[in-house]
Every structure is written in structure tokens, then in C-alpha cells.
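1. fold the following.
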Amino acid sequence: MPKLIAVTDPYRADGFRLAGVDVLEAANAEEAQPLIQSLLDSEDAGVVAVNAGFLEALSDRTRSRIDQLIRPVVIPIPSVMGAEVGERRRYIADLIRNAIGFQIAVHGE
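-> Predicted structure coming up:
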């Protein structure tokens, strides 16, 4: 069964683990690149959440490949540190709407 897998920095990794997400840690974009590449060919990966900075550092060829894939779906983990709660909620809701095609409401803090 396809899983949600996060490729993130050590700072955010524990939060994803607490939510039950499989996590691959990378200290920087250079370390993340081979992890992301391996997940693109993985049968286990259904959704891959990747730090936005790690995605931006990928080659154009890899980003083009990601855009053409049906599975896994690769989504950025935004860096919204310091953003207001409403902005973060809107951003997350937009990501989900783009991924699943439905608008949902994000509540809570």
C-alpha cells in the first residue's frame, strides 16, 4: 500500500514522525537529492512531501520528471516560519486542493 513519506531536515522530522509519517532526513539539498531520486522509483511511495528548498535545488530534468509522474505525488513542504496562522492555513488548504481536487477547511492551531 502506498505511503506518505517526508524528506525533510532534522528540525521538522520529529513532527512528521509524531504524526505517523515515514521520514527520511537530510541536512541539506545535496543530501536530499539521492533520497528523492530513490523515492521516485519506489513502489511504496504514494505521496512524497519534500522541503520546498530541497525541491527548488533539484535539476530541471528531475523536476520535469516529477511533473510527469502519476505516482508518487510530490508536494512541497512550505517554509512558512514567521508567517501568520491564516497564511499557513491558506497555503496548506491550497496544496491539498491542488493535490486532491477538493477544497477543504483547515481548522485548529
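2. relative to I5, how far out is the nearest residue to S42 once chain neighbours are set aside?
-> Nearest in space to S42, with sequence neighbours left out and distances taken as C-beta to C-beta, 6 or more residues apart in numbering, is P72 at 7.3 Å. The C-beta positions use only the backbone N, C-alpha and C, and glycine is treated the same way. Computed as C-beta to C-beta, to the nearest Å, the P72 to I5 distance reads 8 Å.
3. so what does A27 look like in phi/psi?
-> When read as degrees, to the nearest 10, the backbone of A27 gives phi -80, psi -20.
4. ok, now which ones touch it?
-> With C-beta atoms under 8 Å, 6 or more residues apart in numbering as the criterion, the residues that contact A27 are D9, P10.
5. so for the residue nearest to S42, what pLDDT did the model give?
-> Per-residue pLDDT puts P72 at 94.
6. so it makes contact with A49?
-> No: with contact defined as C-beta atoms under 8 Å, P72 does not count as touching A49 (9.9 Å).
7. shared neighbours of the two, anything?
-> Shared contacts of P72 and A49, defined by C-beta under 8 Å, 6+ apart, are found at I5.
8. now for P72 and I5: what residues contact both?
-> Here P72 and I5 have L39, A45, V47, V48 as joint contacts, going by C-beta under 8 Å, 6+ apart.
9. could these go into a markdown table alongside distance to Q33?
-> What follows is the shared contacts of P72 and I5, written out as a markdown table (distance: C-beta to C-beta, whole Å):
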| residue | distance to Q33 |
| --- | --- |
| L39 | 11 |
| A45 | 16 |
| V47 | 19 |
| V48 | 13 |
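10. let's have those in CSV, adding pLDDT, secondary structure and distance to V23.
-> Putting these into CSV (pLDDT from 0 to 100; DSSP: H, G, I helix; E, B strand; the rest coil; distance: C-beta to C-beta, whole Å) gives the following:
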residue, pLDDT, secondary structure, distance to V23
L39, 96, helix, 12
A45, 93, strand, 13
V47, 93, strand, 13
V48, 95, strand, 11
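11. sorry, back to before: against A6, how distant is the residue nearest to S42?
-> 12 Å.
12. who touches both of the two?
-> Once C-beta under 8 Å, 6+ apart is applied, the residues that P72 and A6 both contact turn out to be V48.
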